[in-house]
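Asker: Generate a structure from the sequence data that follows.
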Amino acid sequence: MFSLFSRLPRLHRALIILVVVLIGIVMLLPDPKSLRDEKSFYVIGQPYDLAIEPANLVVNKSATPLSQLNWQTYTVGSGESAAIVFQRANLSSRLLYNLTSASKEIEQQLTKLRPGDELQFGFDGDNELIQIKRPINAYEAYVITKDGNSYKGKLESKEVNYQYNYAEASITSNFWNAAINAGLTANQIMELAGIFGWDIDFALDIRAGDSFKILYQEKLVEGEVVDRGQIIAAIFTNQGDTFKAILDDKTGNYYDENGRAMKKAFLRSPLDFRRVTSNFNPTRRHPVTGKVRAHRGTDYAAPVGTPIWAAGDGIVTKSSYNQFNGNYVFIKHSNTYITKYLHLQRRLVKTGQRVKQGQTIGTLGGTGRVTGPHLHYEFLVNGVHKNARTVKLPQSKSLTGQAKQTFMANAEIRLKKLERYRELLAYNQAAAQE
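Answerer: As a prediction, this is how the structure comes out:
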């Protein structure tokens, strides 16, 4: 048949092929009636019934945006646990169990609460707990967020920026009041005393006319000062002697402008600075017997129970009691130095025990032959009593080599910055008075 088709004239063959193609196209076209019945062709404005499957109408509840949560804040009271705080917030013990079971970290955050801590609860529109925040400080908070049927926790931090600030004061009555009037916080006052505590006995040596200047950091979050940072540089003038201390960023320790460590082998004072009943006086009249005899030491009056610190590293050679010394502790720091602590209320170390500088070895009391509670402190060098306030103390390790050169360069910059801030403060004060 193909040979017959091939013998046809060319025009006839072309016409046959065209007809076959047209027939094929017509066969593939839909029935005109089905086109008239097609539901997808609708007349504008004409209502039609829609075939809707009810099973497809399930609406999933969308989560409430965290920014729209309703927040309630509860402060942890004395003796309160998370269970009590949850009870106050009308939250079930079962919910607390689910939270603490979610992770070890969440459990620690909710079980190690202290009085004054805050718990912030965020609820959605259905009063379902979505988030818990436990602020740690002004720029950090631990956040627990509902995640399906469980909870996830993480530490969230805001960006912290730093700026410098300056304070100065001349002491007229006492160091503490002068520092408070200069705008320092209690922590800054203790930090400043700690920096110079190896050179100055703040309980005995402060005099009217002493002064200090400090350059310190302030922490800023979202443009607001939220906390004080470290002291960067400080100058303290005491009884005509001027001491300078600059922070070394690498070690976190303070050194003078020549790289010598502010920290010494011994503290000048073995307790927080307080008022003192008697200064070092080798011819002092004894308060009980009335006899004039050597009182080779220093008496510190402070509240009973005040912690007493080891002035330096060493070994306790004696921790005992007698009718004269009351409870007492002797510490040998080397073959050269011995310190003695008398009239303690309690002894917290034993003979032969090794102690560290600043470790609490007992509490202040009034045991033995005394007229009132106080600490009697003695400092011996090669067996000879010395005035702990003025005796030359051995230095701790100072900076050397490249570390010293780098520090001294930075120290010069920071001391100049302190001076610029001092000049700026003086200018502002003068302008305010005009």
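Asker: Least confident secondary structure element in this structure?
Answerer: Sorted by mean pLDDT, DSSP states H and E, the helices and strands of the chain end with helix 32-37, the least confident at a mean of 52.
Asker: which other helices and strands contact the helix or strand just after it?
Answerer: Toward the C-terminus, helix 32-37 is succeeded by strand 70-75 as the next helix or strand (DSSP states H and E). Judged by 3 or more Cβ pairs under 8 Å, 6 or more residues apart in numbering; DSSP states H and E, the packing partners of strand 70-75 are strand 118-123. From N, CA and C alone the C-beta is placed, and that goes for glycine too.
Asker: mind listing what's buried in the strand it packs on?
Answerer: 119-123 (16 or more other Cβ atoms under 10 Å).
Asker: can those residues go into CSV with extra columns for distance to Phe330?
Answerer: CSV is the format used below for the buried residues of strand 118-123 (distance: Cβ to Cβ, whole Å):
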residue, distance to Phe330
Leu119, 49
Gln120, 53
Phe121, 56
Gly122, 59
Phe123, 62
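Asker: Now render those residues as a markdown table, adding pLDDT and distance to Ala233.
Answerer: Converted to a markdown table, the buried residues of strand 118-123 look like this (pLDDT from 0 to 100; distance: Cβ to Cβ, whole Å):
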| residue | pLDDT | distance to Ala233 |
| --- | --- | --- |
| Leu119 | 96 | 40 |
| Gln120 | 96 | 39 |
| Phe121 | 96 | 44 |
| Gly122 | 95 | 44 |
| Phe123 | 95 | 49 |
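Asker: Tell me the one of those residues nearest Leu110?
Answerer: Leu119 (8.1 Å; Cβ to Cβ).
Asker: so the closest one makes contact with Gly77?
Answerer: No. The pair Leu119 / Gly77 is not scored as a contact, 11.6 Å apart, by Cβ atoms under 8 Å.
Asker: Which secondary structure elements does the helix or strand harbouring Tyr216 sit against?
Answerer: Following DSSP H and E, one finds Tyr216 within strand 211-221. In terms of contacts (3+ Cβ pairs under 8 Å, 6+ apart), strand 211-221 is packed against strand 161-170, helix 186-195, strand 224-238, helix 401-433.
Asker: Return the residues in contact with the residue most central in space within the chain.
Answerer: Nearest to the mean C-alpha position of the chain, counting by Cα atoms, centre = their mean, stands Asn137 at 7.2 Å. By Cβ atoms under 8 Å, 6 or more residues apart in numbering, the contact set of Asn137 is 226-227.
Asker: and it, backbone torsions?
Answerer: phi -150, psi -170 (degrees, to the nearest 10).
Asker: So what sits opposite it in the bridge?
Answerer: Glu140 (DSSP bridges).
Asker: how close does it get to Leu380?
Answerer: Going from Asn137 to Leu380 by Cβ to Cβ, to the nearest Å gives 45 Å.
Asker: For the helix or strand harbouring Thr363, what does the pLDDT average out to?
Answerer: Thr363 belongs to strand 360-364 when elements are defined using DSSP H and E. Strand 360-364 carries an average pLDDT of 96.
Asker: Give me the residues contacting it.
Answerer: Under Cβ under 8 Å, 6+ apart, the answer for strand 360-364 is 271, 300, 302-310, 316, 327, 329, 331, 341, 343-349, 355, 373-375.
Asker: Stretch 424-434 now?
Answerer: So stretch 424-434 is contacted by 166, 168 (Cβ under 8 Å, 6+ apart).
Asker: Which neighbours in the sheet does the strand holding Tyr216 have, and how are they oriented?
Answerer: strand 161-170 (antiparallel), strand 224-238 (antiparallel).
Asker: Just say which of the ones you listed is most tucked in.
Answerer: Of all these, strand 224-238 carries the top mean neighbour count, a mean of 18, counting by mean count of other Cβ atoms under 10 Å.
Asker: what about Glu423, how many residues close to it?
Answerer: Number of residues near Glu423 (other Cβ atoms under 10 Å) recorded here: 11.
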